[in-house]
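**Q** no letters, just coordinates:
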Ligand SMILES: NC(=O)c1ccc[n+]([C@@H]2O[C@H](COP(=O)([O-])OP(=O)(O)OC[C@H]3O[C@@H](n4cnc5c(N)ncnc54)[C@H](OP(=O)(O)O)[C@@H]3O)[C@@H](O)[C@H]2O)c1
């Protein structure tokens with residue numbers, strides 16, 4: 001059981017899912033450090049979460065693409081985090097971005113390379129502390145199989161999932177727990193305006209609550225049940241059949 005006073009660092013804190021996770025952790029008594037680009041935009045969340053849940057909440061400027069600033073960012077935090085959640089993601093627009101090397105690079109660096117570089121530092125720090133903790137990385141079901149609709153984003157998420165799997169194995173014998181989250185459709189800014197299938201879509205708050213409950217139970221990879229079943233089928237389709245489907 002993670003002590004309630006374990007500080008949590010939430011990266012990409014303006015994300016709908018991240019905000020839900022911050023609230024779910026605050027409810028349990030965890031002090032919260034919200035990190036995002038333009039941290040002044042987090043002011044309302046800082047006061048709302050701290051007042052509602054009577055925990056310490058602070059906001060911190062963080063751009064994951066500023067790799068040179070990763071270490072100084074970690075050192076600047078008021079508390080050493082024992083829970084780190086990475087909710088950073090850039091979906092892009094596969095059709096519009098196709099062949100655009102700057103757009104493709106941004107998607108790969110934002111979803112894969114830069115979060116991995118940051119989490120590597122975090123894992124080293126948490127492991128060296130001897131207290132362990134939790135690292136929660138938010139990937140996507142899009143990483144389970146490359147699809148024409150979003151294969152740049154999907155392949156970056158696949159890389160992120162493979163990275164988290166390796167990190168989990170590296171620290172398996174220690175108190176550091178690494179969990180991969182694979183959302184399907186969640187109603188957030190990322191999916192705004194999309195025509196989402198009702199039975200496969202969830203709101204950010206209940207999804208976030210399930211993620212935190214899974215983290216507390218020490219789950220390794222978290223999907224919502226329906227998505228686990230669906231992706232089980234999709235990933236097992238032979239390539240010749242899959243390439244002709246409209247998934
Ligand atoms: N919603 C879904 O259906 C769904 C499905 C599968 C996976 N996911 C994943 O779930 C996670 C959370 O997404 P969401 O749905 O909550 O969408 P979101 O609201 O669009 O959140 C994505 C967040 O990533 C942040 N971000 C992007 N680039 C960054 C950078 N360079 N440095 C720091 N932060 C950066 C954005 O910050 P700004 O606020 O500064 O733009 C934004 O708050 C993402 O990893 C996403 O890929 C979501």
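**A** Okay, I see it. Note that this is a predicted model, so its numbers are computed, not measured.
**Q** ok, now how distant is residue 30 from the ligand?
**A** 19 Å (CB to the nearest ligand atom, to the nearest Å). Heads up, the C-betas are built off the backbone N, CA and C, glycines and all.
**Q** same deal with residue 163?
**A** 13 Å.
**Q** now that residue, nearest residue through space, not along the chain?
**A** Leaving aside its sequence neighbours, residue 163 sits nearest to residue 116 (CB to CB, 6 or more residues apart in numbering; 4.6 Å).
**Q** can you show me the strands along this protein?
**A** 8-11, 32-36, 57-61, 83-86, 133-138, 176-181, 185-187, 201-203, 221-222 (DSSP state E).
**Q** export those as JSON lines, with columns for distance to the ligand.
**A** Output for the strands of the chain, formatted as JSON lines (distance: least, CB to the nearest ligand atom, whole Å):
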{"stretch": "strand 8-11", "distance to the ligand": "7"}
{"stretch": "strand 32-36", "distance to the ligand": "5"}
{"stretch": "strand 57-61", "distance to the ligand": "10"}
{"stretch": "strand 83-86", "distance to the ligand": "7"}
{"stretch": "strand 133-138", "distance to the ligand": "4"}
{"stretch": "strand 176-181", "distance to the ligand": "8"}
{"stretch": "strand 185-187", "distance to the ligand": "4"}
{"stretch": "strand 201-203", "distance to the ligand": "8"}
{"stretch": "strand 221-222", "distance to the ligand": "12"}
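**Q** hmm, who's touching stretch 120-133?
**A** Stretch 120-133 has contacts (CB atoms under 8 Å, 6 or more residues apart in numbering) with 2, 6, 9, 70-71, 74, 80-84, 135, 167, 170-171, 174-178.
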